[in-house]
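Participant: next comes the sequence, and after it the predicted model I'd like to discuss.
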Amino acid sequence: MALAELAEPLERQLEALGRARQRSTPTVLARERTVPVVDALAPLLPDGLRRGSAVAVDGGAGATTLALSLAVAASVAGSWTAVVGAPWLGLEAALELGVAPERLLVVDPPREQWATTVAALVDTVDLVLVAGSRVAPGDARRLVARARERGAVLVVLPRTDWPAADVRLAVIGSAWRGPCEHGAGRLVARQAEVAATGRGAAARERRASLWLPDADGRVATA
Amino acid sequence: MSTRDVTRTLVVWCADWPVVAAGITPEEPAVVLHANRVVACSAAARREGIRRGLRRREAQARCPDVTVLPADPDRDARRFEPVAAAIAAMAPRVEVVRPGTLAVPSRGPARYFGGDAAIAERAAVLAREVVTPALVGTGVADGLVAATLAARRGAATVIDAGTSAAFLAPIPVDALHRVLPDAPVLELVGLFKRLGLRTLGDVAALPPADLVGRFGPLGTIASRLARGLDERPPRPRRPDPDLVVAAELDPPAEQVETAAFLARTLASELSDRLSSRGLVCTRIAIEVETEHGEALSRLWRHEGGLTAAALADRARWQLDGWLTTTWADRPTGGIALLRLVPDEVVPDDGRQLGFWGGAREADERAARAVARLQGLLGPDAVAVPEQRGGRSPGERVALVPAHAVRLGTAPRTGDADRPWPGHLPAPAPSIVHHPARRADVRDAEGEPVGVTGRGAITAAPATVGIDGRAPVGVVAWCGPWPVDERWWDRAARRRQARIQVTTITGEAHLLAVEAGRWSVEATYD
């Protein structure tokens, strides 16, 4: 009898503790499931880059700069970025756009180790910029599944055949400002028209006119 | 003092180990440099006034004929293995503290050999047989610190049980840094001195609780060490056997590098397991078995706790010590099994991650990715960018192997912000072609365009054909930027000029001309 009396408040206390635990468990907000992008890209990607998605960038001149600009905001905020299979990438351009050099890894694996390398990076790095001539559909599916599990974003660099990307960004047209008549001036800024298409909620095409880069070397709205 | 709280320890210390390991006799003036600072010097160099911490130039000024050697932790560790093996023949559980210093729990051996003085002398004799020119000090005392400092006094110093605190009291507080050569300890020692705590006795006299309150976990360790105790109470409990990581090598590895790659992967796995339990390893047994069934094992200890990289380093050093030696001492077969056994683990109280995983966590995760990829692809496979000076677009950012830098810290910018006359202004091209692509630049009349010796273009470019493809019309162009590099060196001199062009397809290229031949160096994509 006495034991039962004792046990009841204990139970009630445990219940209260359980409620407190529920309240204190951190909820994952929608914005924490995404990786931020710079303001200029917000019209194209209103929610930023969704973690666990693959974003393919392609199109005309300026596509590489556009792909690099996706990494800027996250890199500044403390995320790590990795570049796989793109020895041709002008890293100075990435650093000029604002990618933090101390949080950038560059790997150029042999072809047969490509998928393994990307998988290892997806496990630990927030943004993985990938390039390779052709990616097997099976590899792509596995890598996206892994990215979804680990909360990473795959950015597919131009001229890489990636099946079934969640969002596709394409440069439709671009023009440089700077060079004048008779060889005077220099390349200063590029205005580019960019279109984003996607699946599901992002199915409607969005367009934006951007500076890629502007006269200060940043990505800005034109 | 309760004797339960401290392990009676024998320390064998080889003076100026990095110099000795390089094969220099004490009579020869020599210094070992790391990052342009003297980290060790021979006795002869010390007589000339050379001290640790001096710059190379200062050392050479004090002793012009000094031999300068680069620091090589691999060499230090490799040459130390015979010493460890010699002492292991006398007493079990030899722990390598760092190359040049090893510790042995001495209670058992002292009973067997007839007292502390007997084992101290015996250890000195055994060590001297292996490293002939080295000055070897041995000391027996309560706790690692007192024993280490006793060993530094010279051969066979014995501090009686229970008197370690008295022995330590007059010793300057800098000794803490000798025993724990870590940056935070150096900072703490500096702070102690500014606070007027000049000897270990001063630190020991303070209430331990106050030291913890003021300096955190490091304060506890400092207080315990100054009182002649081990930095943590000895733990009789063995760590959980689940923490042991092992891997088989098939085919067995004869080369150090092959086994060291595997060790790196194991170290990162062990570090993951430890950190998931909030533990850190302070003593690790590195064990191998060869294809002929020989078993080798060695203990390494580190007071501050071993990180994944430190574990991998020690495993590599040890493998190097076993495999890179004379045929007589070498195991007869290749390494078939490698095992890392944590011998002592303590709760990890040294660092605090941010709430729900902060930036520190991201850095550590990236470091793990790097370790894994190095194991997979080779040690130089993962690179980080480093800004450097230069004129061509490919030169201005160099890739350095990730293991050569501290990940997550701002890289050196080198000469990047110096003026580089002739280099192109921002923006930088986003594609750099390796090797440069062939280009054919022609003017409106279809004649080849050139750049004169005075840096003037002969005609306005009108079309560009890349890699032999059909010429594309040029919308605008600018330049040239002439570059005359290394004109003083007949073999390496380069004279070229660059122009930027935009084409009717919307592309922009960086073209370079050298000896009349055009190439596409980079593309502004």
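Facilitator: Thanks, I have the structure now.
Participant: which stretches of chain A form helices?
Facilitator: A:2-24, A:63-69, A:72-76, A:91-97, A:114-124, A:137-150 (DSSP state H).
Participant: so is the second one next to chain B?
Facilitator: Translated: helix A:63-69. Yes: Helix A:63-69 lies within reach of chain B by C-beta under 8 Å from any C-beta of the partner chain, at A:A63, A:T64, A:T65, A:L68. For glycine as for every other residue, the C-beta is placed from the backbone atoms N, C-alpha and C.
Participant: now those in a markdown table, with distance to B:V97?
Facilitator: Formatted as a markdown table, the residues of helix A:63-69 next to chain B follow (distance: C-beta to C-beta, whole Å):
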| residue | distance to B:V97 |
| --- | --- |
| A:A63 | 56 |
| A:T64 | 52 |
| A:T65 | 53 |
| A:L68 | 47 |
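Participant: and B:R486, how far from chain A?
Facilitator: For B:R486, the distance to chain A (C-beta to the nearest C-beta, to the nearest Å) stands at 22 Å.
Participant: can you pull the contacts of A:V156?
Facilitator: The contact partners of A:V156, taken as C-beta atoms under 8 Å, 6 or more residues apart in numbering or on different chains, are A:A54, A:V55, A:A56, A:V57, A:A67, A:V130, A:A131, A:W162, A:A165.
Participant: same thing but 10 Å
Facilitator: A:54-58, A:67, A:128-132, A:135, A:140, A:162, A:165, A:168-169 (C-beta atoms under 10 Å, 6 or more residues apart in numbering or on different chains).
Participant: what bridges to it?
Facilitator: A:A56, A:V130 (DSSP bridges).
Participant: so what's the closest residue to B:A459 other than its chain neighbours bridging to?
Facilitator: Excluding its sequence neighbours, the residue lying closest to B:A459 (C-beta to C-beta, 6 or more residues apart in numbering or on different chains) is B:D443, at 3.7 Å. Beta-bridge pairing for B:D443 (DSSP bridges): B:P461.
Participant: circling back to that earlier point, can you pick the most crowded of the residues of helix A:63-69 next to chain B?
Facilitator: Among the residues of helix A:63-69 next to chain B, A:L68 has the most neighbours (other C-beta atoms under 10 Å in any protein chain shown), with 31 neighbours.
Participant: re the thing from before, the residue nearest to B:A459 - how many residues pack around it?
Facilitator: Applying other C-beta under 10 Å, we find 17 other residues in the vicinity of B:D443.
Participant: for the stretch 201-350 of chain B, which spans come out with low pLDDT?
Facilitator: Along the stretch 201-350 of chain B, segments meeting pLDDT under 70 span B:231-237, B:303-304, B:348-350.
Participant: which residue ranges of it form helices?
Facilitator: Under the criterion DSSP state H, counting those that start in this stretch, helices of the stretch 201-350 of chain B are mapped to B:208-215, B:217-226, B:256-276, B:308-323.
Participant: ok, B:T502 - contacts?
Facilitator: By C-beta under 10 Å, 6+ apart, the contact set of B:T502 is A:61, A:174-179, A:187, A:190, B:474-478, B:508-509, B:524.
Participant: if you could redo that for B:C63, that was the one I meant.
Facilitator: Contacts of B:C63 (C-beta under 10 Å, 6+ apart): B:P29, B:A30, B:V31, B:C41, B:A44, B:A45, B:R46, B:R47, B:E48, B:G49, B:I50.
Participant: pLDDT score assigned to the residue lying closest to B:E129 once chain neighbours are set aside?
Facilitator: Spatially, and ignoring its direct neighbours in sequence, B:E129 is nearest to B:A86 (6.7 Å; C-beta to C-beta, 6+ apart). Confidence at B:A86, expressed as pLDDT, is 87.
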